[in-house]
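Undergrad: Make a model of this:
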Amino acid sequence: MSLHFSVLASGSTGNAFYVGTDNQKLLVDAGLSGKQMERLLSEVRIDPNELDGILVTHEHSDHIKGLGIMARRYHLPIYANEKTWKAMEDYIGKISIEQKFDFPMASVQTFGDLDIESFGVSHDAAEPMFFVFRQGGKKVALVTDLGYVSERIKKTVENADAYIFESNHDVEMLRMGRYPWNIKRRILGDKGHVSNEDCALALTDIIGNDTKRIYLAHLSQDNNMKDLARMSVGNMLKERGVPIGESIHLYDTDPTSATPIYTP
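TA: All right, here's what the predicted structure looks like:
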């Protein structure tokens, strides 16, 4: 099996992503308990003993809750940038020095036959970054937890075969919802999260001829719904001439169940 992936979990309660090739198997984040992480991996028939490491996007608890447990239990190396290491070290428990590796922002590292490029995002964390995965002419982009999609990010992730892209909230649901105003302001701000509308606008600029799948990710449990996100993003893309439902398809992600393994 060449480049393939599964969105193991996505949402405000926990996030985890699996990506693999013929000779590499990696996690990106482990934002659920160790037991839940094992269950999610079993859903897609991945043995955690066969994992080669864990990449970390940033230190928020919904991305690192099970990180220390998984790393210690399966003796996995962890890759994160320096500021993220400093921000999360008090929350993940003791990690041996042999398991700590630096993955700087805006760099490319090669894991076997898999090239991974990191890029910075605007989010209220120490130094948040996400990733583009390349192997065998295929490209998968993981883009969540950002307040806005910059031109630099668009250039980095353009024309991917598949996107895992944030569609966090419906703006009106958020404005009318129960959250205190300071939380609403954070989510709506430049270091918060991308709305359904902004997701669609960004995708319009970056979708290319190679793009086949878009996974709508990191949906708010309180301020969004799967059907609403899919309808809002899909309709906006169709209005802009994107062939949704034809050559390009939208997919849901879930906070408690993994998407089937997909090979672009």
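Undergrad: now what about the strand or helix carrying residue 36, what contacts it?
TA: Element membership of residue 36 [criterion: DSSP states H and E] is helix 34-43. Contact with helix 34-43 is made by 8-9, 14, 16, 18, 27, 30, 32, 47-48, 66, 69-70, 73, 256-258, as judged by Cβ atoms under 8 Å, 6 or more residues apart in numbering. Every C-beta, even on glycine, is put in place using the N, C-alpha and C of the backbone.
Undergrad: among the residues you listed, which ones are buried?
TA: Using 16 or more other Cβ atoms under 10 Å as the burial test, these include 8-9, 14, 16, 18, 27, 30, 32, 48, 66, 69-70, 258 as buried.
Undergrad: Mind checking which of those land in helices?
TA: Using DSSP state H, the subset of the buried ones among the contacts of helix 34-43 located in helices is 69-70.
Undergrad: The buried ones among the contacts of helix 34-43: which two are farthest apart?
TA: Taking Cβ to Cβ, the two most distant members of those are 69 and 258; they sit 18.3 Å apart.
Undergrad: Could you check how far the residue lying farthest from the centre of the chain is from residue 223?
TA: Outermost residue of the chain with respect to the C-alpha centroid, by Cα atoms, centre = their mean, is residue 176; its distance is 27.0 Å. From residue 176 across to residue 223, the span is 9 Å (Cβ to Cβ, to the nearest Å).
Undergrad: For the buried ones among the contacts of helix 34-43, could you give me CSV that also reports distance to residue 210?
TA: Below are the buried ones among the contacts of helix 34-43 laid out as CSV (distance: Cβ to Cβ, whole Å):
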residue, distance to residue 210
8, 24
9, 26
14, 30
16, 26
18, 21
27, 25
30, 29
32, 31
48, 31
66, 33
69, 37
70, 32
258, 24
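Undergrad: which of the buried ones among the contacts of helix 34-43 lies closest to residue 141?
TA: Looking across these and measuring by Cβ to Cβ, the closest to residue 141 is residue 18, at 15.3 Å.
Undergrad: Name all residues that make contact with the closest one.
TA: Going by Cβ under 8 Å, 6+ apart, residue 18 touches 5-6, 8, 25-28, 41, 44, 46, 258.
Undergrad: which among those end up buried?
TA: By 16+ other Cβ under 10 Å, these give 5-6, 8, 25-28, 41, 44, 46, 258 as buried.
Undergrad: returning to that earlier point: got the buried ones among the contacts of helix 34-43 as JSON lines, with pLDDT and distance to residue 209 columns?
TA: Formatted as JSON lines, those follow (pLDDT from 0 to 100; distance: Cβ to Cβ, whole Å):
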{"residue": "8", "pLDDT": "98", "distance to residue 209": "29"}
{"residue": "9", "pLDDT": "98", "distance to residue 209": "31"}
{"residue": "14", "pLDDT": "97", "distance to residue 209": "34"}
{"residue": "16", "pLDDT": "98", "distance to residue 209": "30"}
{"residue": "18", "pLDDT": "98", "distance to residue 209": "27"}
{"residue": "27", "pLDDT": "98", "distance to residue 209": "30"}
{"residue": "30", "pLDDT": "98", "distance to residue 209": "34"}
{"residue": "32", "pLDDT": "98", "distance to residue 209": "36"}
{"residue": "48", "pLDDT": "98", "distance to residue 209": "36"}
{"residue": "66", "pLDDT": "98", "distance to residue 209": "38"}
{"residue": "69", "pLDDT": "98", "distance to residue 209": "42"}
{"residue": "70", "pLDDT": "98", "distance to residue 209": "37"}
{"residue": "258", "pLDDT": "98", "distance to residue 209": "29"}
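Undergrad: Just the ones of the buried ones among the contacts of helix 34-43 in strands?
TA: Per DSSP state E, strands hold the following members of those: 8-9, 16, 18, 27.
Undergrad: For residue 200, state which of these is nearest.
TA: Closest approach to residue 200 among those (Cβ to Cβ): residue 9, at 23.3 Å.
Undergrad: Would you confirm that the closest one contacts residue 219?
TA: No: Residue 9 lies out of contact with residue 219 (Cβ atoms under 8 Å); the separation is 11.6 Å.
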